[in-house]
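> Okay, predicted coordinates and the sequence, questions at the end:
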Amino acid sequence: MSPSARPAMPDIASSVPISRAKETCPSAATASGPAAGPGGGPAAEPAPTAPLLEVRGLCVTLPTARGPVQVLRDVSFTMARGQTLGIIGESGCGKSMTALALMGLLPEGAQVSGSIRLDGQELTTLDERALCALRGARIGMVFQEPMTALNPLHTIGRQIAEPLRLHRGLSAAAARAEALRLLERVRLPQAAQRLDAWPHQLSGGQRQRVVIAIALACGPGLLLADEPTTALDVTIQREVLDLIGELVAADGMGLLLISHDLGVMAQTVRHLLVMYAGSVVESGPTADVFRRLAHPYTRGLFAARPRLGLARGTRLATIPGRVPDLAELPPGCAFAGRCALAEPACAAAPPPLLEVGSGHHARCIKAGALP
Ligand SMILES: Nc1ncnc2c1ncn2[C@@H]1O[C@H](COP(=O)(O)OP(=O)(O)O)[C@@H](O)[C@H]1O
Ligand code: SF4
Ligand SMILES: [Mg+2]
């Protein structure tokens with residue numbers, strides 16, 4: 001299917017240390033951020049009415065052997081308290097960089113401009129000490145590979161107790177008791193015995209439950225999960241996602257979920273950002289995005305999703321071409337080289353962000369007029 005073709009209403013569910021250096025962001029001045037729905041400066045007081053997370057005009061440039069490369073361009077979005085927001089896009093489009101920027105864990109030498117506010121507090125100006133205090137305490141993190149998140153040299157119990165002692169000042173005994181409660185909460189079988197187990201003694205799914213327990217330990221307002229089930233067996237993936245969804249809802253946390261799986265997004269998040277070549281190209285309520293598919297790139301992703309029940313031999317659609325080299329992006333629409341609807345105007349200037357529905361935006365000159 002061509003990316004331009006309008007599919008029927010999706011049956012998605014059945015498919016399978018921020019650098020303090022600043023730079024100017026060429027695109028930041030021209031675009032405003034898309035609005036998405038729910039979820040200090042060292043001295044700034046958190047504003048009580050502020051959204052949970054507000055990202056405005058975020059640009060990140062990384063040093064590479066070929067010179068500086070801008071990997072995030074004018075990324076903007078807002079999360080209310082308790083909101084679930086997903087980021088989708090092909091590999092290399094900037095999903096993980098967005099997450100790393102939020103946590104102040106960008107690669108050495110990263111240049112950042114724009115603003116990231118958590119509970120009204122600006123994060124881009126925090127020093128490493130302040131960021132350390134924030135990570136784990138106010139932002140919980142779950143990554144793709146639990147083995148890299150866990151220290152193989154420490155027991156499970158000790159790793160869960162550490163943030164409790166560090167951020168909440170619990171005694172050793174109280175932290176151990178709380179660690180057990182957390183392991184039971186993430187439904188790790190035989191939790192009491194597992195407190196003294198080593199990471200290698202657990203299966204991948206069990207390790208990811210431990211990582212989730214650590215992420216929840218200090219009651220963060222925001223849980224950030226970057227491809228949390230990609231490394232797990234298919235049968236375990238659903239269980240872990242359900243667990244995350246259940247815990248997020250129970251605690252009223254905001255969830256920022258990164259995945260390339262449209263089915264996962266349809267079932268887990270209420271709002272969606274679609275990223276391409278370091279930019280947000282479409283955003284809005286998940287149901288609206290999937291219903292309308294206002295950007296040709298979103299249509300391409302949707303057409304290319306694997307589905308159950310396809311006749312044997314059916315070729316999956318693909319988006320023609322490849323993600324462009326971020327070091328040599330064209331001056332106009334970054335998707336133009338792969339877009340069946342491209343016309344000369346698309347190459348002239350970066351497309352504006354158009355509102356196509358309530359809280360639903362797409363960065364395409366034809367966004368409002370696609371069939
Ligand atoms: N340490 C690094 N130095 C330079 N470029 C990087 C580095 N890490 C990632 N990139 C580039 O940043 C872009 C965005 O990467 P990433 O956010 O990891 O993508 P994904 O959407 O797959 O998570 C990619 O082009 C990637 O090659
Ligand atoms: S601006 Fe043009 S090239 Fe870019 S997605 Fe829209 S139609 Fe395609
Ligand atoms: Mg990634």
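Happy to help now that I have it. Ligands and ions are numbered 1, 2, ... in the order given.
> Check which residues of whatever helix or strand Leu166 lives in are buried.
Using DSSP states H and E, Leu166 sits within helix 156-168. Neighbour-count burial for helix 156-168 flags Ile156, Gly157, Arg158, Gln159, Ile160, Ala161, Glu162, Pro163, Leu164, Arg165, Leu166, His167 (criterion: 16 or more other C-beta atoms under 10 Å). Using the backbone N, CA and C atoms, a C-beta is placed for each residue, glycine as well.
> Including pLDDT and distance to ligand 1, could the residues you listed go into TSV?
Compiled in TSV, the buried residues of helix 156-168 are given as follows (pLDDT from 0 to 100; distance: C-beta to the nearest ligand atom, whole Å):
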residue	pLDDT	distance to ligand 1
Ile156	96	28
Gly157	96	32
Arg158	96	30
Gln159	95	25
Ile160	96	27
Ala161	95	31
Glu162	92	27
Pro163	90	25
Leu164	93	30
Arg165	93	32
Leu166	88	28
His167	87	27
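> State the pair within these that is farthest apart.
Greatest spacing in the buried residues of helix 156-168, by C-beta to C-beta: Ile156 and His167 (18.3 Å).
> Which residue does the stretch 201-350 of the chain have closest to ligand 1?
Proximity to ligand 1, evaluated over the stretch 201-350 of the chain using C-beta to the nearest ligand atom, is greatest for Leu326 at 4.9 Å.
> Could you check how far the residue lying closest to Asp251 once chain neighbours are set aside is from His167?
Once flanking residues are discounted, Asp251 sits nearest to Gly219: 6.9 Å by C-beta to C-beta, 6 or more residues apart in numbering. Taking C-beta to C-beta, to the nearest Å as the measure, Gly219 falls 10 Å from His167.
> Could you list which residues are in contact with Thr84?
Contacts were defined as C-beta atoms under 8 Å, 6 or more residues apart in numbering; by that measure Thr84 touches Pro38, Gly39, Gly245, Val248, Gly254, Leu255, Leu257, Thr268, Val269, Arg270, His271.
> can you give me the strands for this structure?
For the chain, the strands defined by DSSP state E cover 53-64, 67-79, 84-88, 111-118, 121-122, 139-142, 222-226, 254-258, 271-276, 279-285, 354-357, 360-362.
> need the ones you listed in a markdown table with distance to ligand 1, can you?
Shown next, in a markdown table, are these (distance: least, C-beta to the nearest ligand atom, whole Å):
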| stretch | distance to ligand 1 |
| --- | --- |
| strand 53-64 | 4 |
| strand 67-79 | 4 |
| strand 84-88 | 8 |
| strand 111-118 | 12 |
| strand 121-122 | 22 |
| strand 139-142 | 14 |
| strand 222-226 | 7 |
| strand 254-258 | 7 |
| strand 271-276 | 7 |
| strand 279-285 | 11 |
| strand 354-357 | 24 |
| strand 360-362 | 19 |
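> Can you list the low-confidence ranges for this protein?
Within the chain, the stretches with pLDDT under 70 are 1-49, 307-316.
> Do a quick rundown of the helices in it.
Using DSSP state H, the helices of the chain run over 95-103, 128-134, 146-149, 156-168, 172-185, 191-194, 204-216, 234-251, 262-268, 286-292, 296-303, 344-348.
> Identify the residues contacting the fourth one?
Taking C-beta under 8 Å, 6+ apart as the criterion, the residues outside helix 156-168 that touch it are 133, 136-137, 150-151, 170-172, 174-176, 178-180, 182-183, 194-199, 202, 210, 213-214, 217-218.
> Then stretch 139-152?
Residues outside stretch 139-152 that contact it (C-beta under 8 Å, 6+ apart): 102-103, 118, 135, 156, 159, 198-200, 204, 207-208, 210-212, 214-218, 220-228, 230-231, 244, 253.
> Of those residues, just the buried ones, ChimeraX syntax please.
In ChimeraX, a selection of the buried entries from the contacts of stretch 139-152 looks like this (16+ other C-beta under 10 Å):
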select :102,103,118,135,156,159,199,204,207,208,210,211,212,214,215,216,217,218,220,221,222,223,224,225,226,227,228,231,244,253
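> of all the helices of the chain, which lies closest to ligand 3?
Closest approach to ligand 3 among the helices of the chain (C-beta to the ion): helix 95-103, 3.2 Å.
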